[in-house]
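1. how does the following fold in three dimensions:
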Amino acid sequence: MSAKVLISGAGVGGSTLAHWLGRSGFEVTVVERAAGQRSSGNPVDVRGAAADVVAEMGVLPELRKAATSVARISFVDANGRRRVSMSTKNSGVSADRDIELARADLARILLDAARDQAEMRWGDTITGLTPQDSGVAVTFENSAPQTFDYVVGADGLHSNVRKLAFGPESQFVRHMGIYVATLPVDRAYGDADEVVMYNTPGRSISVHPAGGKPLAAFMFRSPVRPGFDYRDIEQHRRLLLEAFDGPAGIFGDLFDQVRAAGDLYFDAVSRVDLPHWSKGRITLLGDSASSVSLFGDGSSLAIAAAHTLAEELGRTPGEPDTALRRYEQRHRRVAGPKQRGARAAGAFIVPGSRLAILLRDTAVRFVR
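-> Got it, this is the predicted structure:
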């Protein structure tokens, strides 16, 4: 009989893994807490090894149709005048394969590729994991208990599988000193291929054209907020409005949309560090294992990790220790440098002082 795999999370990594495991003959079930996919999401990149994976999946044409085609980012003053601009296009032999698109579009396309390979369970979640000699006994909130050969946590920064199998989030998630909110807005502020960003010390507001569906991003530096609940949208709205209680330049009118928003994403920029990604036949994938949050090619890493995990499970499905050890060894070499570069990216996008803003703009002029 084929091995049975339960994947928690129907996002980028979970859908990619479901596709590849299904193609390899595994019996795959995907459980997702949400009733359906989110309709919004910040633009993300598919690049490097991930571009090869999606090409082999046959979804590259669909991804290109959904691409946002942004070519540059412009840093502006309070009146909207461009202080300096820089290209967002990568150079090199693989640059023509890189794609930027909305996370929601990427997740939708990958999920469509996985539907014929897996059973989908929406509006349900795992409540218990009990390791056994030859599998994992799983209980659910809304489904009958089952036993699987493998359980994969592809359920993001606030992973439920990680909490149940490895311990509380506080042991592994490190706040990086920045909070971020994203919100679909009614208009773009620059050209169709241009992200426009305005900085004050420790604050950043930007609008991405997102292929005709503009998306605003608000970032601010802050220590950990006591009592922060990543599911409490009213708390998020209050924290965001408090953080930007001051001049916002040309973006001042966005805050009326923040007050009225029903689909506001808000979270801490965080890094996940675990000594090991697997425990018995339970393993973690993507942000749940090695999040670099906003600044580290998270979607590309999740796609590449899913392909690596599927390869290793396919090579030795009956040897969990061997397969999962090889998966982790291979992907840590890819994810590690991205994690180490996340703080530098944060300093670039959200400079902490007027001097830091000036130095950033000067560096961009020099490099350009």
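2. quick one, helices of the stretch 251-368 of the chain?
-> Using DSSP state H, counting those that start in this stretch, the helices of the stretch 251-368 of the chain run over 254-260, 287-290, 298-315, 320-340, 342-349, 354-367.
3. what's the closest non-adjacent residue to residue 220?
-> Once flanking residues are discounted, residue 220 sits nearest to residue 243: 4.3 Å by Cβ to Cβ, 6 or more residues apart in numbering. (C-beta placed from N, C-alpha, C; glycine too.)
4. and for that neighbour, the neighbour number?
-> 18 (other Cβ atoms under 10 Å).
5. ok, now which ones touch it?
-> Residue 243 makes contact with 179, 203, 218, 220, 222, according to Cβ atoms under 8 Å, 6 or more residues apart in numbering.
6. go on, residue 136?
-> Going by Cβ under 8 Å, 6+ apart, the list of residues near residue 136 reads 6, 129, 130, 147, 148, 149, 150, 151, 280, 281, 282.
7. one more pass at 10 Å, please.
-> 4, 6, 126, 128-130, 146-151, 165, 279-282 (Cβ atoms under 10 Å, 6 or more residues apart in numbering).
8. phi, psi for it please.
-> Main-chain dihedrals, residue 136, degrees, to the nearest 10: phi -130, psi 120.
9. pop out the phi and psi values for the nearest residue to it once chain neighbours are set aside.
-> With Cβ to Cβ, 6+ apart as the criterion, residue 136 has its nearest non-adjacent residue at 4.8 Å, and that residue is residue 151. Phi and psi for residue 151, reported as degrees, to the nearest 10, are phi -130, psi 130.
10. tell me the pLDDT at residue 151?
-> For residue 151, the pLDDT comes out at 98.
11. how near is it to residue 315?
-> Using Cβ to Cβ, to the nearest Å, residue 151 is found at 19 Å from residue 315.
12. residue 87 now?
-> 41 Å.
13. same question, residue 199
-> Residue 199 is 48 Å from residue 315, by Cβ to Cβ.
14. that older thread, among residue 151 and residue 315, which residue is more densely surrounded?
-> residue 151 (28 against 13).
15. report the beta-bridge partners for the more buried one.
-> Beta-bridge partners recorded for residue 151 (DSSP bridges): residue 6, residue 282.
16. OK, contacts around it?
-> Residue 151 neighbours (Cβ under 10 Å, 6+ apart): 4-8, 29, 31, 126, 129, 131, 135-138, 161, 164-165, 279-284.
17. from the residues you listed, which would you call buried?
-> Among the contacts of residue 151, those classed as buried by 16 or more other Cβ atoms under 10 Å are 4-8, 29, 31, 126, 129, 135-136, 138, 161, 164-165, 279-284.
18. quick check: what element follows the lengthiest strand in the chain along the chain?
-> Criterion DSSP state E: the longest strand present in the chain is strand 173-184. Using DSSP states H and E, the helix or strand that follows strand 173-184 in sequence is strand 194-200.
19. counting by contacts, list what the helix or strand just after that next one packs against.
-> Counting by DSSP H and E, the next helix or strand C-terminal to strand 194-200 is strand 203-208. Judged by 3 or more Cβ pairs under 10 Å, 6 or more residues apart in numbering; DSSP states H and E, strand 203-208 is in contact with strand 72-76, strand 173-184, strand 194-200, strand 215-221, helix 254-260, helix 342-349.
20. can you redo these as TSV with distance to residue 321, mean neighbour count and mean pLDDT?
-> Output for the helices and strands packed on strand 203-208, formatted as TSV (distance: least, Cβ to Cβ, whole Å; neighbours: other Cβ atoms under 10 Å; pLDDT from 0 to 100):
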stretch	distance to residue 321	mean neighbour count	mean pLDDT
strand 72-76	45	19	95
strand 173-184	26	20	93
strand 194-200	45	22	96
strand 215-221	41	22	95
helix 254-260	49	14	95
helix 342-349	30	17	82
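21. want to throw these into TSV with distance to residue 22?
-> Below are the helices and strands packed on strand 203-208 laid out as TSV (distance: least, Cβ to Cβ, whole Å):
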stretch	distance to residue 22
strand 72-76	38
strand 173-184	31
strand 194-200	37
strand 215-221	32
helix 254-260	40
helix 342-349	33
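22. tell me where the stretch 1-150 of the chain has helices.
-> According to DSSP H, counting those that start in this stretch, the helices that the stretch 1-150 of the chain contains are 12-23, 49-57, 60-66, 103-114.
23. okay, the angle between the first one and helix 298-315?
-> Our comparison of helix 12-23 with helix 298-315, counting by axes from the mean of the first three to the mean of the last three Cα atoms, to 10 degrees, yields an angle of 30 degrees.
24. can you offset everything so residue one is 662?
-> Understood, numbering begins at 662; the last thing we discussed is helix 673-684.
25. give me the below-cutoff pLDDT ranges for the stretch 912-1029 of the chain.
-> 953-957, 1000-1003, 1029 (pLDDT under 70).
26. rerun that using 90 as the cut-off
-> 923-925, 932, 951-959, 979, 995-1008, 1027-1029 (pLDDT under 90).
27. how many neighbours does residue 1019 have?
-> 12.
28. swap in residue 979?
-> A count of nearby residues for residue 979, using other Cβ under 10 Å, gives 10.
29. beta partners of residue 859?
-> residue 737, residue 866.
30. and it, how far is that from residue 677?
-> Distance of residue 859 to residue 677, given as Cβ to Cβ: 35 Å.
31. got phi/psi on the residue lying closest to residue 792 once chain neighbours are set aside?
-> Spatial nearest neighbour of residue 792, excluding adjacent residues (Cβ to Cβ, 6+ apart): residue 941 at 4.4 Å. With angles defined as degrees, to the nearest 10, residue 941 sits at phi 60, psi -120.
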